[in-house]
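[1] Fold the following and give me the result.
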Amino acid sequence: MKKFLGTIALLLIVFTAVAQNNLNGIVTNKNNELLKGATITINTKNFKTKIQTGEKGQFSLSNLDANLIYKISVEFVGLKTFDTTVHLQKDVLLNIVLQESNASLEPLEVSSIRASDKAPFTKTNISKTDIAKK
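    Numbering: from 1, shown residues only. Next up, the predicted model:
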């Protein structure tokens, strides 16, 4: 019985010893400005997640399985996407610097017209007081 309990205890120790690592980082641009809201995509086989950087450009993922290779992609509007791979064998701290992109965004124009009484659809006028009542 003692051997059995000893074996169980040993197995529990081995299973809890399976390393869980943390991936932390900071995202900046080439001027060393912290980038709030950059999108971080992390994936490996059977696992994919997306997170955004916080107020100070920081991100953190904890309890990641050790000894796996993670593909990491960092995106921010107007900057080039940063791609890398990380083999997690211990906690990792990444300092990611995104470079400017030569691509430009096309302007977007939003316009509308006021529907007339002869429009081929139904319309209803709602006043501020009607909205406030609901």
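[2] Every contact and neighbour count from this point should use C-alpha atoms.
    Fine.
[3] Contacts only, for Met37.
    Actually, residue 37 is Gly. It isn't Met. For Gly37, the contacting residues are Gln52, Thr53, Gly54, Glu55, Gly57, Phe76, by CA atoms under 8 Å, 6 or more residues apart in numbering.
[4] now those in TSV, with pLDDT, secondary structure and distance to Phe121?
    Below are the contacts of Gly37 laid out as TSV (pLDDT from 0 to 100; DSSP: H, G, I helix; E, B strand; the rest coil; distance: CA to CA, whole Å):
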residue	pLDDT	secondary structure	distance to Phe121
Gln52	95	strand	42
Thr53	95	coil	45
Gly54	94	coil	45
Glu55	94	coil	46
Gly57	95	coil	48
Phe76	94	coil	41
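[5] Report the buried members of the residues you listed.
    By neighbour count, with 16 or more other CA atoms under 10 Å, the contacts of Gly37 hold Gln52, Thr53, Gly54, Gly57, Phe76 as buried.
[6] those helices in the protein, which residues are they?
    Taking DSSP state H as the test, the helices found in the chain are 2-17, 128-133.
[7] ok, back up a step: farthest-apart pair in the buried ones among the contacts of Gly37, please.
    Spatial extent of these (CA to CA) is set by the pair Gly54 and Phe76 at 13.0 Å.
[8] What separation is found between the N-terminal and C-terminal residues of stretch 71-79?
    End-to-end distance for stretch 71-79: 19 Å, by CA to CA, to the nearest Å.
[9] Now do that stretch: everything it contacts.
    Residues from elsewhere that reach stretch 71-79, judged by CA under 8 Å, 6+ apart: 37-44, 81-86, 98-101, 103-104.
[10] hmm, 6 Å instead?
    Residues outside stretch 71-79 that contact it (CA atoms under 6 Å, 6 or more residues apart in numbering): 38-43, 81-85, 99-101.
[11] Make CSV from those and add pLDDT to it.
    Shown next, in CSV, are the contacts of stretch 71-79 (pLDDT from 0 to 100):
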residue, pLDDT
Ala38, 96
Thr39, 96
Ile40, 96
Thr41, 95
Ile42, 93
Asn43, 92
Thr81, 94
Phe82, 95
Asp83, 96
Thr84, 94
Thr85, 93
Gln99, 94
Glu100, 91
Ser101, 86
